[in-house]
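**Student:** show me how the following folds:
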Amino acid sequence: MAAVDVRVRRREWPPASTGHWLGQRLSLVAGACLVVVDALLVLGAFLVAHWVRFIAPELEATALGLDEYARMGAVVSLVTVVLFALHDLYDLDRPRSWFDRLHLVVASVSTALALTVTISFFLGDQRFSRLWFAAGWAFAIVGLVMWRWVAVGLYQRVKDAAAPARKVIVVGANPAGREIARELIGRCQLVGFVDNGTDLPDGETVALLGPIAGLERLVQHHGVDEIVVALPPSRREQLGRIIAHGFARSVQVKFVADFGDLLPERVELHHYGGQSMIGFAPVARVTWLKRAFDLFGALCGLLLLAPLMLAIAIAIKLDSSGPIFFRQERVGKDGKRFRMIKFRSMRQDADRHLAALRAKNEASGPLFKIRNDPRVTRVGRCLRRSSLDELPQLFNVLAGTMSLVGPRPPVPSEVDAYEDWQRGRLRAMPGMTGLWQVSGRSDVPFHDMVRLDLHYIRNWSLWLDIEIIARTVPAVLGNRGAY
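**Tutor:** Alright, predicted model coming up:
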């Protein structure tokens, strides 16, 4: 959503604005406390590392004294706090996910330590213990992650008790507005809808407050802090006049971007003359890090899983006649075809029975899936439910025809049935796992699977790959949508 601050026409502050004022001051105090505690935690971590490295073992002499090590720890502490500020980690009103916090803490402390060590090296002071650096780095990360977890929860509890949640009005009771309202419930105090209509669907719990013409009166009466506009552009003329006129209290206005699934997370705002333009790349730029990550992950996976893959191969051979592996032509990046390899999970003559089973298809779109497919062998059923039949695709990853993470590789017959917009999923290297697999696999309708793939293609990052791989393990163990 695009946000703008609306000018205040008069200084008429109703009592409800006290919570907004207190919330702002609380945010500043909490941010200052975070800075102090973060700095002390990093410094304390390196002091503890000094005790573990030199004092606890009762070493008689060290190249440097405690004061030199303390100064070095203070420098690392200062750089870490600066990096935290650059990553907006002191804005507690926009809390990040646990994974994002972990990523930023590790990256910031590592960068701070690397910069400090580099500066120390060029200054000619190379007498610091490398083990001390490693221990301090580990202690700092553990301490900061635990402290951040406590601080975020504590701040939210204090803010809820001291400052009421911001009050929000949604302008537009259309489907888009009702969807936004469902997302806002629990995150703020949702006052209601404002729209020129009078009817809401049965079961709607959010009230319709009145027409758009009475928005200013409603904002003042309810002490509203934020207005979310979910109207289509063709209906915003009346609202535009009200916003230009100004309100009697300070409010923030957010416009829901009417781009559907087109707009990715990384966008740029450009100004040309008097016009504003939103710019983005339809396909995120994929760096060499993805290929390096694929090679490393595939090699480690094959080495670690070799005994399991050998046991699976023996079980397949003992269970039914036919080859151990199943090779099938699939469509990869930019429409290039390749041979995907899997453990065989069906009878050897499975393809001959496909036409007779078409009428029983349980999947949507061009996909073909049957929950109780009679062609699947006993061992194959176990392999499919645990996704172990896909382990040989690690060889495809090594060959460069697949990636660890990416869209599911389709068969040519599926691609022939694609609509034009669905072919966009062929712009990325197909993967062993992806957003579709961690979101329910076969339980996800085909059009939602394509949207998930397009979201991944537009917003790729190495950390997104790592997050998907981490989510794959519980998704596989849960067996949701696997058949």
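**Student:** only C-alpha atoms for contact and neighbour calcs from this point on.
**Tutor:** Noted.
**Student:** hey, where'd the helices end up in the stretch 251-400 of the chain?
**Tutor:** For the stretch 251-400 of the chain, the helices identified by DSSP state H, counting those that start in this stretch occupy 288-319, 354-357, 378-386, 393-399, in order along the chain.
**Student:** make TSV from those helices and add distance to Q189 to it.
**Tutor:** Formatted as TSV, the entries for the helices of the stretch 251-400 of the chain read as follows, by distance: least, Cα to Cα, whole Å:
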stretch	distance to Q189
helix 288-319	42
helix 354-357	52
helix 378-386	43
helix 393-399	49
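**Student:** columns mean pLDDT, mean neighbour count and distance to H455 on top of those, output as CSV?
**Tutor:** Supplementary listing: the helices of the stretch 251-400 of the chain in CSV, determined by pLDDT from 0 to 100; neighbours: other Cα atoms under 10 Å; distance: least, Cα to Cα, whole Å:
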stretch, mean pLDDT, mean neighbour count, distance to H455
helix 288-319, 92, 14, 17
helix 354-357, 62, 10, 32
helix 378-386, 85, 19, 26
helix 393-399, 96, 20, 22
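**Student:** L239: which of those helices is closest?
**Tutor:** Ranking the helices of the stretch 251-400 of the chain by distance to L239, with Cα to Cα as the measure, places helix 288-319 first at 46.3 Å.
**Student:** what is that closest one packed up against?
**Tutor:** For helix 288-319, the elements it packs on are helix 378-386, helix 393-399, strand 403-405, judged by 3 or more Cα pairs under 8 Å, 6 or more residues apart in numbering; DSSP states H and E.
**Student:** give me that answer again for 6 Å
**Tutor:** Secondary-structure packing of helix 288-319 (3 or more Cα pairs under 6 Å, 6 or more residues apart in numbering; DSSP states H and E): no helix or strand packs against it.
**Student:** can you pull the contacts of the residue lying closest to V79 once chain neighbours are set aside?
**Tutor:** With Cα to Cα, 6 or more residues apart in numbering as the measure, A112 is the residue that lies nearest to V79, at 5.4 Å, once sequence neighbours are left out. With Cα atoms under 6 Å, 6 or more residues apart in numbering as the criterion, the residues that contact A112 are 76, 79-80.
**Student:** of those residues, which belong to strands?
**Tutor:** Using DSSP state E, the subset of the contacts of A112 located in strands is empty.
**Student:** next SSE downstream of whichever strand or helix holds L104?
**Tutor:** The secondary structure element spanning L104 is helix 98-122 (assigned by DSSP states H and E). Tracing the chain past helix 98-122, the next element assigned as helix or strand by DSSP H and E is helix 130-162.
**Student:** how big is the angle separating that following helix from helix 98-122?
**Tutor:** With axes from the mean of the first three to the mean of the last three Cα atoms, to 10 degrees defining the directions, helix 130-162 sits at 140 degrees from helix 98-122.
**Student:** show me what the very next helix or strand once past helix 130-162 is packed up against.
**Tutor:** The first helix or strand that comes after helix 130-162 along the chain, using DSSP H and E, is strand 167-171. The helices and strands touching strand 167-171, judged by 3+ Cα pairs under 6 Å, 6+ apart, are strand 189-194, strand 226-229.
**Student:** mind pulling up the pLDDT for the residue nearest to V79?
**Tutor:** According to the prediction, A112 has pLDDT 87.
**Student:** same question for stretch 242-259, mean pLDDT?
**Tutor:** When pLDDT is averaged over stretch 242-259, the result is 72.
**Student:** change the start of the numbering to 55 and stick with it
**Tutor:** Got it, first residue is 55 now, which makes that one stretch 296-313.
**Student:** would you say L263 is within a helix?
**Tutor:** No. Assigned with DSSP: H, G, I helix; E, B strand; the rest coil, L263 falls outside any helix and is strand.
**Student:** which residues sit in contact with V278?
**Tutor:** In this structure, V278 makes contact with 221-222, judged by Cα under 6 Å, 6+ apart.
**Student:** for it, give its distance to S467.
**Tutor:** Counting by Cα to Cα, to the nearest Å, the gap from V278 to S467 is 55 Å.
**Student:** then R479?
**Tutor:** For R479, the distance to S467 equals 15 Å [Cα to Cα].
**Student:** the two: who's more crowded?
**Tutor:** In terms of neighbours (other Cα atoms under 10 Å), R479 is the more surrounded of R479 and S467; the figures are 27 against 12.
**Student:** does the more buried one count as helix, strand or coil?
**Tutor:** Quick answer, by three-state DSSP: R479 is helix.
**Student:** could I get the pLDDT score of it?
**Tutor:** Listed pLDDT for R479 reads 89.
**Student:** for it, give me its contacts.
**Tutor:** When contacts are counted by Cα under 6 Å, 6+ apart, R479 is found next to 507-508.
**Student:** quick one: which of the helices of the stretch 305-454 of the chain is nearest L156?
**Tutor:** Nearest to L156 among these is helix 342-373 (19.5 Å), distances taken as Cα to Cα.
**Student:** got the angle for that closest one vs helix 432-440?
**Tutor:** Comparing the axes of helix 342-373 and helix 432-440 via the same axes, to 10 degrees yields an angle of 150 degrees.
**Student:** what about helix 342-373, distance to the chain center?
**Tutor:** Taking Cα atoms, centre = their mean, to the nearest Å, one finds helix 342-373 lying 27 Å from the centre of the chain it belongs to.
**Student:** okay, now the domains of this structure?
**Tutor:** Using automatic domain parsing, the domain ranges for the chain come out as 56-66+219-312, 71-216, 342-532.
**Student:** let me have those in a markdown table, adding distance to M331 as columns.
**Tutor:** A markdown table is the format used below for the domains of the chain (distance: least, Cα to Cα, whole Å):
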| stretch | distance to M331 |
| --- | --- |
| domain 56-66+219-312 | 12 |
| domain 71-216 | 25 |
| domain 342-532 | 18 |
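**Student:** so which of the helices and strands packed on strand 221-225 comes closest to G294?
**Tutor:** For the helices and strands packed on strand 221-225, the distance to G294 is smallest for strand 280-283, at 10.6 Å, taking Cα to Cα.
**Student:** would you mark the buried spots in the helix or strand just after that closest one?
**Tutor:** Next helix or strand after strand 280-283 toward the C-terminus (DSSP H and E): helix 291-299. Residues 293, 296 are the ones in helix 291-299 that count as buried (16 or more other Cα atoms under 10 Å).
**Student:** tell me what angle helix 291-299 forms with strand 221-225.
**Tutor:** Calculated by the same axes, to 10 degrees, helix 291-299 forms an angle of 140 degrees with strand 221-225.
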